[in-house]
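[1] what follows is a protein structure lacking sequence information:
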């Protein structure tokens, strides 16, 4: 069945460094790839998303890249700040499909 | 402002009791979803609906049921609560299938 693998499960970086989280999906028909940020005790919130007709998308300090051939996509956070500390989830879906989530990455940014 | 709400936010119940968690959205979204979140498992889909009178099973549907009688609400029922159903439950909605979902604030359920 459809599956999304996410790595690493935990990531610690120094403030100002970059952080990269990677996801791999199994269904080649997937065409929508959102990323969610979940702070402790809060709901997941969409921070950026990408569709399969685009290879890269940026929004200030965050960017997502997509490699359809390899079936993987990544979240890049530059100039990390303590408020970036959270759990990040990737997901994938196909047209008229359900979102399949990865298992999450706990990012800790140390001042 | 349009929003998605869940109630109760916290619930403690006993094994064997029936429990219903409410989800209400005011975006007029056709698509609604229920997830459970447990450490190490991320967000797992329980049930979902693509419109009134439509319901579908997700990957962890055993012991749960939903009904969709209007666009705004998708209540989740645990027929006979079990300790394994202790979890945080999130409801979500989306305007279009295969597009971004917006999550409710969550319900923390403890089954003793």
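    Looks like it came in fine. Please read all numbers here as calculations on a predicted model, not as lab measurements.
[2] now do the residue nearest to residue A:45 when sequence neighbours are not counted against chain B, distance only.
    If the residues on either side of it in the chain are set aside, residue A:45 comes closest to residue A:37, at 5.6 Å by CB to CB, 6 or more residues apart in numbering or on different chains. Heads up, the C-betas are built off the backbone N, CA and C, glycines and all. Here the criterion is CB to the nearest CB, to the nearest Å. By it, residue A:37 lies 11 Å from chain B.
[3] who's in contact with residue A:37?
    The neighbours of residue A:37, taking CB atoms under 8 Å, 6 or more residues apart in numbering or on different chains as the test, are A:44, A:45, A:47, A:86, A:87, A:88.
[4] report pLDDT for the fourth one.
    The predicted structure scores residue A:86 at 97 on the pLDDT scale.
[5] right, and it touches residue A:41 too?
    No. Using CB atoms under 8 Å, residue A:86 makes no contact with residue A:41, being 10.9 Å away.
[6] residues near residue 47, how many?
    Assuming you mean chain A. For residue A:47, the number of neighbouring residues by other CB atoms under 10 Å in any protein chain shown comes to 17.
[7] switch to chain B, please.
    For residue B:47, the tally of surrounding residues (other CB under 10 Å) stands at 22.
[8] what distance do you get for it to chain A?
    Relative to chain A, residue B:47 is positioned 11 Å away (CB to the nearest CB).
[9] burial count for the residue lying closest to residue A:19 once chain neighbours are set aside?
    Nearest residue to residue A:19 in three dimensions, chain neighbours excluded: residue A:77, at 4.5 Å (CB to CB, 6+ apart). Counted with other CB under 10 Å, residues neighbouring residue A:77 total 23.
[10] so what's residue A:77 bridging to?
    Going by DSSP bridges, residue A:77 is paired in beta bridges with residue A:19, residue A:62.
[11] around chain A, pick out the residues from chain B.
    With CB under 8 Å from any CB of the partner chain as the criterion, chain B meets chain A at residues B:33, B:40-45, B:48, B:58, B:90, B:97-106.
[12] at 6 Å instead, please
    B:42, B:43, B:97, B:98, B:100, B:101, B:103, B:105, B:106 (CB under 6 Å from any CB of the partner chain).
[13] give me the element residue B:65 is part of.
    Secondary-structure assignment from DSSP states H and E places residue B:65 in strand B:64-66.
[14] list the buried residues of that strand.
    Taking 16 or more other CB atoms under 10 Å in any protein chain shown as the basis for neighbour counts, the residues of strand B:64-66 that come out buried are B:64, B:66.
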